[in-house]
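Q: below is the sequence, then the predicted model.
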Amino acid sequence: MENTDWKRYLLFLTIAFAVFVAYDYFAGSKLAPAQSDNHTQTVQKNPPTASGVDVNLYLGSEREKLKPQHFVTVEGEDLKVKIAQEGAKIVSAYDKKFKRELIEKYERAYNIYPLEILTPSWETTKFINFSRYRCQKENLKVVCQLNGDKISVTKIFKFDPSGYLSTVSVKLQGVKEAYLYTGMTPNEKPFYTHIGPIFKFSDGKVLRIDIEELRGPTAVHGDIIWGGQEGRYFLKAVKYNTHTAVVFPVSYLEGGETKYVSATAVKIKPEAELLFLEGPKEYELLKRVDFVEAIDFGVLSFIAYPTFLVLYFFYKIFHSWVAAIFVLTLILKLIFFPLMISSTRSMKKMQELAPKLEELRKKYADDPQRLQQEIVKLYKETGFNPFGGCLPILIQIPIFFALYKVLIVTPDLALEGFLWIPSLAERDPYFILPVLMGLTMIAQSFITPSPNKSQNTMMYIMALVFTVLFATFPSGLVLYWTLNNILSIIQTWIIYRYLS
C-alpha cells in the first residue's frame, strides 16, 4: 500500500464512474410492478381490456387522410399553441424559449395529437377527433363544442401565461368508456437518462417504463396521480387521478432505420378536469404542479436532488449557471480543504519515505511477508497513514456523480453558453474545454510528483483518458471538473507553501 495516493484513485474514479453510469441507466427504468404498503401498482402486458385504446388499431391510412384544416392559436409568453378545430386537439406547440416544436414529426405523420379522446369504437373515436368543433377564443381560454345525434363533447382549455400549462375540462355525453391521449415520447437523445412513459402514484412512487420492454399495449393500474411521456429535457403529462393508463409502442422510419417511441393514454370519466403540461422540465414549472419527480436524478437522487437545490439557489442569486457552478465548486473545495491538507501532507510524507521504502524492497526482495512487516513498522514509526491520500477523493466521488446527474438533466443549461460554447448542456464543439481539463490534470501531477515514475506515467495516461471521455459530455460538467482541478492546484500550492 506504500504507493497509495490520489493518482491511483483516479483509476478507481474512472472505473466507478463507468459502473455508475451503466447502473444508473439500466437500473433506473425497469418495466416491473411497483409495490406499496397502501396499494399495489401493476404493469400488465398485452391486457385484453386495453384493445379498445390500442392506437395501433387506429394508426392507418384512414386516420392519416383526415388532416385538420381549421385552427385556433393561443400564444403564451413561452409556448405558442395551435388547436385544431377538427377534434379540439393540440396539433402544434412551439417553444419560443427553446426554439423547438414539441409536437414531434412522427405524431404529425400518424396524424394523432395530444388531448384526443380514444374509445373502444373506431367510429366513435373518429367522430370525436375529426369532426369540426365550434371553438371560441377569449385571451388564453378556448371553448370547443361538438354536438351529434348521439354524442356531444365539450372541451375547455385555460392556459397559464407561459402557455406550458393548461387546465382542460372535458364533458362527454353518449360515451361510456374513454381514454385521454397524452402524446408520444419527446424526440431527444437520452444521454443516460430515461426516455419514455412515466407515472407517479399516490404513495409517492414513480414508475418509469423502458420502451424496449414494450411488446404491445401495456396497462398500468394503481392510484395514478399523473402520467405521460418524458424526454431528457421535455415532458408531456396529464395530472388526473385515475386507476388505469395504457402505454404502447409505436414505430417509425428515420434514415431507413426503424425506431421506436411510445404513447400514453389515461382513462377518464365522462366529466373530467385535468392539468396538461407540455414543456421543459424546468424546476419552477414542475414545482408549481408537483411534477418535480419528472426530473430524472437517477439512483443517487438522495444526493443529486439536494445538490441541485444548492446549485439552483446560487443560480437564482447570480442569474448565471456558470457562476452557480463556480460558487458550488468553490464551496465544496472549502468544505473539503481540511481533508485536502491531510491528503497533501500524506503524499508529501510518502515522497520523504520513498528512499527508505526502496531500500526495504531491495533488502527483502525474496521475502514478501517480511517486507510487508517492515513497511508496516516504518509507517508506525513515522506516523504515516497510507490511506490518508485517498480519503478526500473517496468522499467527493458521490458528489461528483450527483453533480454529473444534475448537469445532464437540467434544461436551463441548454439556454446558457460559456465563451465559445453555445450551450452548457451540449459538448464543446471545438473540444477546447476538455483539453484544458486534461492539461489541469497534468498540472496537478507536476505540483505533486510521485517518486514512483510509473505512477506519473499513469497520471498522464489518465489525463488522456479523461480528456477523451469528457469530450462528449455536457460542457457544464467539464467546466465543473476543470474548475475543480484549478482550485485543487491552488490549494495544493497553498498547503506546500504555508501549511506543511
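A: Done, it's in.

Q: helix or strand: which one has residue 74?
A: Here residue 74 sits within strand 71-75, counting by DSSP states H and E.

Q: name the residues that touch that strand?
A: The set of residues external to strand 71-75 that reach it, using CB atoms under 8 Å, 6 or more residues apart in numbering, is 80-85, 91, 135, 137, 140, 142, 144, 157, 159, 163. Heads up, the C-betas are built off the backbone N, CA and C, glycines and all.

Q: strands - which of these land there?
A: 80-84, 91, 135, 137, 142, 144, 157, 159 (DSSP state E).

Q: scan those residues and report the most crowded one.
A: residue 83 (28 neighbours; other CB atoms under 10 Å).

Q: would you agree it is in contact with residue 70?
A: No. Assessed by CB atoms under 8 Å, residue 83 is found out of contact with residue 70, at 9.7 Å.

Q: what's the average pLDDT for the strand holding residue 74?
A: Taken as a whole, strand 71-75 has an average pLDDT of 97.

Q: pull the CA atoms of that strand into PDB?
A: C-alpha atoms of strand 71-75 as PDB (Å, rounded to 0.1, in the frame of the first residue of the first chain):
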ATOM      1  CA  PHE A  71     -57.100  26.200 -36.200                       C
ATOM      2  CA  VAL A  72     -57.200  28.400 -33.200                       C
ATOM      3  CA  THR A  73     -53.900  29.800 -31.900                       C
ATOM      4  CA  VAL A  74     -53.100  30.700 -28.300                       C
ATOM      5  CA  GLU A  75     -49.800  32.400 -27.700                       C
END
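
Q: list the buried residues of it.
A: 72, 74 (16 or more other CB atoms under 10 Å).

Q: which strands border the longest strand belonging to the chain, and is each parallel or antiparallel?
A: Longest strand in the chain by number of residues (criterion: DSSP E): strand 234-254. Sheet partners assigned to strand 234-254 using DSSP bridges are listed as strand 218-230 (antiparallel), strand 257-268 (antiparallel), strand 271-280 (antiparallel).

Q: among the ones in strands among the contacts of strand 71-75, which two are most distant?
A: The distance between the two most remote of the ones in strands among the contacts of strand 71-75 (CB to CB) is 18.2 Å, for 80 and 144.

Q: what distance separates the start and the end of stretch 267-276?
A: Across stretch 267-276, the terminal residues are separated by 14 Å (CA to CA, to the nearest Å).

Q: what does it contact?
A: Contacts to stretch 267-276, defined as CB under 8 Å, 6+ apart, come from residues 114-115, 117, 165-173, 175-180, 182, 226, 237-240, 242-246, 289.

Q: try stretch 465-482
A: Residues contacting stretch 465-482 (CB under 8 Å, 6+ apart): 10, 14, 191, 321-322, 325, 328-329, 400, 403-404, 407-408, 410, 413, 418, 421, 423-428, 431, 433-438, 440-441.

Q: rerun that using 6 Å as the cut-off
A: 325, 329, 404, 407-408, 413, 421, 424-425, 427-428, 431, 433-434, 436-438, 440 (CB atoms under 6 Å, 6 or more residues apart in numbering).

Q: now the buried members of the residues you listed.
A: Among the contacts of stretch 465-482, those classed as buried by 16+ other CB under 10 Å are 325, 329, 404, 407-408, 413, 421, 424-425, 427-428, 433-434, 436-438, 440.

Q: rewinding a little: from the contacts of strand 71-75, which is closest to residue 360?
A: For the contacts of strand 71-75, the nearest to residue 360 is residue 163 (72.5 Å; CB to CB).

Q: so who does that closest one touch?
A: Counting by CB under 6 Å, 6+ apart, residue 163 has contacts 76, 78-79, 81.

Q: residues near the spatially closest residue to it that is not a sequence neighbour, how many?
A: In space, residue 163 comes closest to residue 76 once its chain neighbours are excluded; the distance is 2.3 Å by CB to CB, 6 or more residues apart in numbering. By other CB under 10 Å, the residues close to residue 76 number 19.

Q: contacts only, for residue 76.
A: 159, 161-163.

Q: any idea how far it is from residue 284?
A: Shown here: residue 76 relative to residue 284, a distance of 15 Å by CB to CB, to the nearest Å.

Q: do residue 426 as well
A: In terms of CB to CB, residue 426 sits 23 Å off from residue 284.

Q: which among the ones in strands among the contacts of strand 71-75 gets closest to residue 124?
A: So of the ones in strands among the contacts of strand 71-75, ranked by how close each gets to residue 124 (CB to CB), first place is residue 144, at 17.5 Å.

Q: if I pick the closest one, what's in contact with it?
A: For residue 144, the contacting residues are 88, 133, 135, 155, by CB under 6 Å, 6+ apart.

Q: show me which of the contacts of stretch 267-276 are buried.
A: 114-115, 117, 165-166, 168, 170, 172, 175, 177-180, 182, 226, 237-240, 242, 244-246, 289.

Q: low-confidence ranges in the protein?
A: Scanning the chain for pLDDT under 70 picks out 1-61, 346-348, 351, 383-395, 448-456, 499-500.

Q: tell me the residue in it that is farthest from the middle.
A: Distance from the C-alpha centroid of the chain peaks at residue 363, with 55.6 Å (CA atoms, centre = their mean).

Q: how about residue 223: what's its closest non-neighbour residue?
A: For residue 223, ignoring the flanking residues on the chain, the nearest one in space by CB to CB, 6+ apart is residue 202 at 3.8 Å.

Q: and the one you found, how far from residue 297?
A: 21 Å.

Q: before we move on, what about residue 338?
A: On the measure of CB to CB, residue 338 and residue 297 end up 29 Å apart.

Q: of the two, which one has the most company?
A: Using other CB under 10 Å as the criterion, residue 338 and residue 297 rank with residue 297 on top: 22 against 10.

Q: can you tell me how far residue 162 is from residue 410?
A: Counting by CB to CB - residue 162 and residue 410 are separated by 18 Å.

Q: of the two, who's got more company?
A: In terms of neighbours (other CB under 10 Å), residue 410 is the more surrounded of residue 162 and residue 410; the figures are 25 against 15.

Q: name the nearest residue to residue 104, ignoring sequence neighbours.
A: Using CB to CB, 6+ apart, the nearest residue to residue 104 is residue 187, at 4.8 Å.

Q: and the contacts of the longest strand of the chain?
A: For strand 234-254, contacts defined as CB under 6 Å, 6+ apart pick out 50, 53-54, 106, 182-183, 186, 197, 214, 217-221, 224, 226-229, 258-267, 274-278, 280-281, 294.

Q: from those, list the buried ones, please.
A: Using 16+ other CB under 10 Å as the burial test, the contacts of strand 234-254 include 50, 53-54, 106, 182-183, 186, 197, 214, 217-221, 224, 226-229, 261-267, 274-278, 280-281, 294 as buried.

Q: tell me the buried residues in the helix or strand hosting residue 107?
A: Per DSSP H and E, residue 107 falls inside helix 105-110. Buried residues in helix 105-110, counted by 16+ other CB under 10 Å: 106-107, 110.
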